[in-house]
Each structure stands twice: as C-alpha cells, then as structure tokens.
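[1] Sequence first, then the predicted structure, then my questions.
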Amino acid sequence: MSIEAAGARGTRRVAIVGAGVLGLAAGRALARRGVAVDLYERWPDVAGMASAFDLGNGVWIDRYYHHLFQSDREMTALHDELLPGELEWHRSTVGMYADGRIWPFVSPLDLIRYGPLAPADRVRLGLAVLRLARRTDWERMDEVSALDWLRRACGERALEKVWRPLMLGKFGDDAPAIPLAWLWSKLALRRQKLSGGGAAKERLGYPRSSFRAICVALADDIRRHGGRVHLDREVVRVDRDGEGFALRAAAPGAYRLPAGTAPADGERTARADAVLLTTPTHVARRLAAWGDAYAARLDAWTYRTAVVLLLELRDRFSGTYWTNVVDRDMPFLGLIEHTNLVPAERYPARYLYVSNYVARDDPLARMGTDELLRHYAPALRRVNARFDERAVLRAWSFREDAAQPVPRIGNRRRMLPLATPIDGLYVANTTQIYPEDRGTNYSAKLGREVGERLAGRT
Ligand SMILES: Cc1cc2nc3c(=O)[nH]c(=O)nc-3n(C[C@H](O)[C@H](O)[C@H](O)COP(=O)(O)OP(=O)(O)OC[C@H]3O[C@@H](n4cnc5c(N)ncnc54)[C@H](O)[C@@H]3O)c2cc1C
C-alpha cells in the first residue's frame, strides 16, 4: 500500500518514533492537517542530534557544532515562520591544517597561496573543483568512486595532501566506496549559496539560542494543534495489533542505559493506526518483525560514529571558525571554533569543538572526556603552541553512533522507500537523504514531505 493510500483511508492516530528535526517536522505537518499525532522520544528533551545544553544562565550551546548554509531554505523558512529574527548570518572563515599551520581556504586566492601543494597542483585542484561543481548529472556520479575521480582529476599529490585525509577521516575504510555524487552535492550546494557574494564572503546561519530552539518551537506548534510529544519514552517494540499497532516503551530513565537494552514496561503500551520510525536503520531493525529481505536492506546501512570534545576556553584558540585537519598524523579531523562564527560576547567564554568520525568500535568512541582531552592535547599544542589543557575551564564530550550514514557506489538504488513491507509502518531517516549530505535542512524537508503524504494531502 502506498503512503497516499494510508492517508486516503483516513488514518486516525499516527505515532512517530523520534523527536529529532525529522520527527518533529513530520509531526507538525500531520498535526496541522488535523491528524492526531503522538511523538515518542527516548531522551528527556527534543532535537536529537541537533540538541543543546545550558551552559548556565540560560545560554545554550549545541552538543554537536552546527551551522546552516544559505542554500538551506527549509530551515531558513521554518525560522522565519516560527522564530522570526532568531536566525543570524555570520561571516565564516575556513582553513586547512597542514605542514604545521592553518592555511586560509575560502577564496580562489587562498588556493593559489596554499603552500602544501606545488603551484601546478593548486591550479589543477581548483579547476577540478570548478568542473565538478558545475556538473548536474548526479546519477552518473553515483556510479563513480569519489577518490578514483579525484585521483584522475587532481593528480596523486592533491589526492594525498587534501582529499584522502579528508575522506579517510570521515569514512575510514569505506572511503574508496563513497560515490562522487556525495562530494559533488556538498560542493555544488556550497557554490549555490556563494553565487551572490563571492567565495570570500561566505556567510553561515546560526540561531541565537542554538539549533534546539527551532525544535522546541516545532514541538510547541504540534501541541498547539492537538498533538502530543512524549519525552523519556524509548520505544522498544512495534507490533501489529489488529488493524493498527501496539508500541511498547521502556520505563522512565531508560535513556541512562545503552539504547535498546531496557525492557518494555507493561504500563507503557500505546496504540496507533500508523507508525513512522525516524530512528537510525539499526534501531528500526530491532523494533519490528521484518521479513528477511527487508531486514537485509536495513542491515546493509552502516554509519560513522561522531566523537566530539567541546572545550570551554578563556582565550581564543585560533583565528578560524572551521579548520579541516588534513595532516594524517593528527588524532582529529576538524577544529570548529564556534565563537569565531558567533560573537563570543554572547557566551560566558570561548568554545572549541574537536571533531572526529570513527567506526563504532573504535577505542576513541569509548574514551571519557578527560581521557580524550589528554589524548588530543599534544596535537592541539601543535596547532596553537600556547594551548594548555590545565587552562581549559570546562570540557564535555559527546558520541553519536548514527552521525553519518555511509553512502556507497550505486547508493540511489540502496535507499529505502518510505513505506515498508509492513502495511502502515514507515521509515524516514538520514539514510534517505541523498545525494545531499545529511543535515537539519534535509531532515526538516523530508519530515514535512512524509507528514504531508501520510496525511494524504499531496
Ligand atoms: C557532529 C555533527 C555535526 C553536524 N553538523 C551539522 C551542521 O552543521 N548543520 C546541519 O544542518 N546539520 C548538521 N548535523 C546533522 C544534523 O544534526 C542531523 O542531520 C539532524 O539533526 C538529524 O535529524 P533526525 O531527526 O533525522 O535524526 P535524529 O536527530 O537522530 O533524531 C532521531 C531521534 O530518535 C530518537 N530515538 C532513537 N531511538 C528511539 C527509540 N527507540 N524510541 C524513541 N526515540 C528514539 C533519538 O533519541 C533522536 O532524538 C550534524 C550532526 C553531527 C553528529
């Protein structure tokens, strides 16, 4: 049965598992169309990967660094509608850490001055990126390995000095299988937003009270339209129950345990006529009784785990907002100095995210905050000789197992349709965002579209 048919039949109550951006946008679309909707969220707060925490005195900061590009129209429109004036655009600075220093890497002039590459290689790299960003045949690019194309287009030296460290850092052993279409969409979207002002004037969006604010506003709007958002409600099982579904949830506080380990609490069973799972595919896999063929499709999806250390510092760490670390001896992939994008006066101190993407079983994914800080400190000193871990005011660390879905060559054929083989049960998550890279904008858009289709109004 198609999603449209579910709406046409007149779905009475829809349950959504997950109150991240996608689940909230879907819930809002349904609630605004008069469908009774219940959202179930494992954590005691909304926003999922876009969540934030209070630094004290009501100043919120994202657990994972976030910004919007000017091409992120869905998120921009949501802010304009629900939180007018909240989204601000700031001048961004991007750099590459290589050969012992940060090289500015925003404008064509920066590329011409990029010392780690010989002049001829810089020109070749610049022309290749321009050529790639102008292409539109993304389905052909879905059949080509990004690293193979980059080797041919930019040459072996640019591959070793720029692309391979970036791709290995993000995707590890899977890097050779990443399709060119994935890289293309990142470059093409970035180019789109630059078309007005030129590369040197890149501006990035950041909401005054963190990315959580729009999620809270979406949840409020769902409630205003009669929907319900149940927090601290981990769904552990979704089973057919007559014409509809029974959703069994764990007891309060299950979020303190590893996901999926808490048993169902007999008191917490809810009913729905249709269910939308917005969880990662490995969570969807364990929630329902899928047939073998569909279970294999879910299992085929893997993710890279984000490990992020957030440091509160008295002083500025660097002059750059976003630094890609392309030196393979360094133990992290990126340095994101939030207070080099958003004015530091808004915060009690300066904030630096140290970012990594690793395999789920990587030792880094098991390190505590102090251990991570000790592990990274010598490398942080290589970037800024004055860095002293004893001068760190506070530190936090966060891990997200399903941070980055791993696309593979021929990815468009692996993507799951929204409707599953179980009539009335749907899946929508970051694996269905492609060729764009996952991001709040595309989760908001996919969520709205799924909600509209489930409500039978398209
Ligand atoms: C390090 C990092 C940096 C990022 N940077 C950016 C950026 O700069 N800009 C940008 O736009 N995006 C960025 N993103 C991506 C963005 O945060 C995500 O794409 C987006 O928030 C995903 O929303 P979602 O609702 O699809 O998924 P999620 O946020 O993962 O939502 C799924 C929800 O389901 C809940 N859940 C899971 N299992 C259960 C269960 N059994 N029962 C109930 N609830 C459950 C989870 O707790 C979660 O809240 C970044 C992400 C990371 C990790």
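    Okay, I see it.

[2] Quick check: the residue nearest to Tyr442 when sequence neighbours are not counted vs Ser185, distance?
    What sits nearest to Tyr442 in space, not counting adjacent residues and going by Cβ to Cβ, 6 or more residues apart in numbering, is Ile433, at 4.3 Å. All C-beta spots, glycine's among them, are computed from the backbone N, C-alpha and C. Ile433 sits at a distance of 10 Å from Ser185 (criterion: Cβ to Cβ, to the nearest Å).

[3] circling back to that earlier point, from what I see, the residue nearest to Tyr442 and Gly447 are in contact.
    No - taking contacts as Cβ atoms under 8 Å, Ile433 lies outside contact range of Gly447: 10.7 Å.

[4] Compare neighbour counts for the two and give me the winner.
    Each of Ile433 and Gly447 has its neighbours counted (other Cβ atoms under 10 Å); Gly447 has more, 28 against 21.

[5] For the more buried one, which non-adjacent residue is closest in space?
    In space, Gly447 is closest to Ala25, 3.0 Å off (Cβ to Cβ, 6+ apart).

[6] what's the answer for Leu183, then?
    Ala146 (4.6 Å).

[7] Compute the number of surrounding residues for Val406.
    19.

[8] confidence score at it?
    As predicted, Val406 sits at a pLDDT of 97.

[9] Report the separation between it and the ligand.
    Separation of Val406 from the ligand (Cβ to the nearest ligand atom, to the nearest Å) stands at 14 Å.

[10] mind listing what that residue touches?
    Val406 is in contact with 171, 174, 177-178, 301-304, counting by Cβ atoms under 8 Å, 6 or more residues apart in numbering.

[11] Looking at these, which one is closest to Glu88?
    Within the contacts of Val406, the smallest distance to Glu88 is 30.0 Å, found for Arg304 (Cβ to Cβ).

[12] So that closest one is in contact with Lys170, correct?
    Yes - assessed by Cβ under 8 Å, Arg304 is found in contact with Lys170 at 6.7 Å.

[13] Can you pull the residues that touch both of these two?
    Joint contacts of Arg304 and Lys170 (Cβ under 8 Å, 6+ apart) are 357, 404.

[14] The two: which has the busier surroundings?
    More neighbours surround Arg304 than the other of Arg304 and Lys170, with 23 against 20 (other Cβ under 10 Å).

[15] My reading is that the more buried one lies in a helix. Confirm?
    No - secondary structure of Arg304 (DSSP: H, G, I helix; E, B strand; the rest coil): strand, not part of a helix.

[16] do you know how far it is from Pro405?
    In terms of Cβ to Cβ, Arg304 sits 8 Å off from Pro405.

[17] what do you get for Trp301?
    6 Å.

[18] How about Glu312?
    In terms of Cβ to Cβ, Glu312 sits 31 Å off from Pro405.

[19] More neighbours: which of those two?
    Set Glu312 next to Pro405 and count neighbours by other Cβ under 10 Å: Pro405 wins out with 22 against 18.

[20] Could you list everything that one pairs with in the sheet?
    Judged by DSSP bridges, the bridge partners of Pro405 are Tyr303.

[21] so it sits right up against Arg438, yeah?
    Yes - judged on Cβ under 8 Å, Pro405 makes contact with Arg438 at a distance of 6.3 Å.

[22] hang on, the earlier thing: so can I have JSON lines of the contacts of Val406 showing distance to Arg152?
    Converted to JSON lines, the contacts of Val406 look like this (distance: Cβ to Cβ, whole Å):
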{"residue": "Phe171", "distance to Arg152": "19"}
{"residue": "Asp174", "distance to Arg152": "20"}
{"residue": "Ala177", "distance to Arg152": "17"}
{"residue": "Ile178", "distance to Arg152": "15"}
{"residue": "Trp301", "distance to Arg152": "29"}
{"residue": "Thr302", "distance to Arg152": "27"}
{"residue": "Tyr303", "distance to Arg152": "29"}
{"residue": "Arg304", "distance to Arg152": "26"}
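
[23] Quick check on the residues you listed: which are buried?
    Among the contacts of Val406, those buried by neighbour count (16 or more other Cβ atoms under 10 Å) are 171, 174, 177-178, 301-304.

[24] Among those, which one sits closest to Leu372?
    For the buried ones among the contacts of Val406, the nearest to Leu372 is Arg304 (17.1 Å; Cβ to Cβ).

[25] Quick one: residues contacting the closest one.
    Counted by Cβ under 8 Å, 6+ apart, Arg304 has contacts 170-172, 174, 357-359, 403-404, 406.

[26] Quick check: residues of the stretch 351-458 of the chain near the ligand?
    400, 403, 429-430, 438-441, 443 (Cβ under 6 Å from any ligand atom).

[27] Please apply the same query to the chain.
    Counting by Cβ under 6 Å from any ligand atom, the chain sits next to the ligand at 17-23, 40-43, 48-50, 64-68, 234-235, 278-279, 283, 306, 308, 400, 403, 429-430, 438-441, 443.

[28] if you set the cut-off to 5 Å instead, what comes out?
    17-18, 20-22, 40-43, 48-50, 64, 66-67, 234-235, 279, 283, 306, 400, 403, 430, 438-440, 443 (Cβ under 5 Å from any ligand atom).

[29] what bits of the stretch 1-150 of the chain have low per-residue confidence?
    For the stretch 1-150 of the chain, the stretches with pLDDT under 70 are 1-11.

[30] Please enumerate the helices of it.
    Counting by DSSP state H, counting those that start in this stretch, the stretch 1-150 of the chain has helices at residues 3-9, 21-32, 73-82, 108-112, 119-134, 138-141, 146-154.

[31] Reformat these as CSV; add mean neighbour count.
    Formatted as CSV, the helices of the stretch 1-150 of the chain follow (neighbours: other Cβ atoms under 10 Å):
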stretch, mean neighbour count
helix 3-9, 16
helix 21-32, 29
helix 73-82, 18
helix 108-112, 14
helix 119-134, 16
helix 138-141, 15
helix 146-154, 19
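
[32] Need the residues touching each of Trp301 and Pro405.
    With Cβ under 8 Å, 6+ apart, Trp301 and Pro405 have common neighbours Thr431.
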